[in-house]
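In: The following block contains a protein sequence and its predicted model.
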Amino acid sequence: WAHAKVGAVNEALFLMAGNHVRKGGLLPEASAQDMATILWAHADLAWPNKRLFQAVGQQMIEGGFVETCNQQDVSLVLWSFAKMKLWHPQLCETLAARVANVGLSNAQAASNALWAMAELGVGDHEASVLAVCDLIRQDQLGAVTPQGASNMLWALAVLEEQDSEACNVLLSSLMHKSDMVDVLDKCQLHQFFLTRSLLGKEVEGRDKDSALSIETEADGEDQDSALEMLKAECADAFISTSSSFQRPSSMQTKVKDIVTRLELEGEVLSEHVLPGIGYSVDLFLPSLNIAIEVDGPNHFLASTEPNTQASRHLRMTGSSLLKARLLRAWGVKLVSIAFDDYDKMMLKDPQEMLDWMRSRLDGAA
């Protein structure tokens, strides 16, 4: 905990400590708070120890610790697994279900829990999502920071929760602190606004996006103007961020080479930022309106389970799922090539590679 607080990690010490916790018989004596703190420290410092996460997760399940977890424990454990992109099926699902009745009472815990549920893809626990929305609507979470509001709005977009009243409360809290909304927050908000615009369902005869409103000291047109200004700022931040991270991976380069050899009509663009939506796609074929995403391991959650068939099933992160959903809603034909499919493709002979790629593109078209 102390190392994470000061933002420093002694690699040798963390490795020894993690192994000692896992192998030294300490876990049966630990409390739920102890285990949550251990995981949080590793996640906050981005220090990977998959075996430790697996051991702690197993101890929490087998030792009956989940039922003793308070709101802080639940939110920290879920957040830690999501931040490290790790997936312990039984623990993550059980904790996500517990969010509904753990007695959330502060914005930080609610924000962490909701964001983690979205990134881990456990949105089927509707009761938990609705419980957080109820607390937001009833203003029972206390002061919400701009980052907390942005996290929750993004999470609601990923989880496909269309609660305009809860969203309006969060948006209003943001507008009162708009000067504190940083670039990362704005990027999350842009994805939220896109979701409302492209995927929002009809509400009382109106588009969901038009149902968004904010409470400010101004009224009427000034409120609408403030909201539109926020949307524009968020779109600019998102496009700028997408444009600044353009370093093709070796997998992308190889896939582009294969697509180029197909001699399709038109050019093959790399790291192309799509106008209007702002997302950068690995490859884009304008003549076919096809985007190709080469999804490396970072797009998926790593299972902490032993090497079984179930653990080898790829589970996409919430952020990657949202991107794919929005690209398709924008009208782009999407081809996603996961890293395991890429590895299998590389075992084929040159002609088989071309045939495989052509079939994927034909399927999208």
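Out: On my side now, so go ahead. Numbering: from 1, shown residues only.
In: All the strands of this structure, residue numbers only.
Out: 86-87, 202-203, 206-207, 269-273, 280-285, 290-295, 300-303, 315-316, 333-338 (DSSP state E).
In: Take these and lay them out in CSV including mean pLDDT, mean neighbour count and distance to S243.
Out: Every C-beta, even on glycine, is put in place using the N, C-alpha and C of the backbone. Listed next are these as CSV, based on pLDDT from 0 to 100; neighbours: other C-beta atoms under 10 Å; distance: least, C-beta to C-beta, whole Å:
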stretch, mean pLDDT, mean neighbour count, distance to S243
strand 86-87, 95, 24, 30
strand 202-203, 34, 11, 34
strand 206-207, 38, 12, 29
strand 269-273, 94, 17, 5
strand 280-285, 96, 22, 7
strand 290-295, 96, 23, 16
strand 300-303, 93, 20, 25
strand 315-316, 92, 16, 24
strand 333-338, 96, 18, 20
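In: Can you tell me which of those strands is nearest to S80?
Out: Comparison of those against S80 by C-beta to C-beta identifies strand 86-87 as nearest, at 8.2 Å.
In: Which elements pack onto the closest one?
Out: Where contact means 3 or more C-beta pairs under 8 Å, 6 or more residues apart in numbering; DSSP states H and E, strand 86-87 is packed against strand 300-303.
In: Apply 10 Å and report the result again.
Out: helix 50-62, strand 300-303 (3 or more C-beta pairs under 10 Å, 6 or more residues apart in numbering; DSSP states H and E).
In: out of these, nearest to G200?
Out: Between the helices and strands packed on strand 86-87, strand 300-303 lies closest to G200; by C-beta to C-beta that is 27.4 Å.
In: CA atoms only: put that closest one into CSV for me.
Out: Extracted in CSV, the C-alpha atoms of strand 300-303 (Å, rounded to 0.1, in the frame of the first residue of the first chain):
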residue,chain,number,x,y,z
PHE,A,300,-8.4,-9.1,-24.2
LEU,A,301,-8.6,-10.2,-20.6
ALA,A,302,-6.1,-12.8,-19.4
SER,A,303,-7.7,-15.6,-17.5
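In: How far away from the center of its chain is it?
Out: Relative to the centre of its chain, strand 300-303 is centred 12 Å away, using C-alpha atoms, centre = their mean, to the nearest Å.
In: what's in contact with that strand?
Out: For strand 300-303, the surrounding residues in contact (C-beta atoms under 10 Å, 6 or more residues apart in numbering) are 48, 50, 53-54, 81-82, 84-89, 92, 119-121, 310-318, 320, 338-340.
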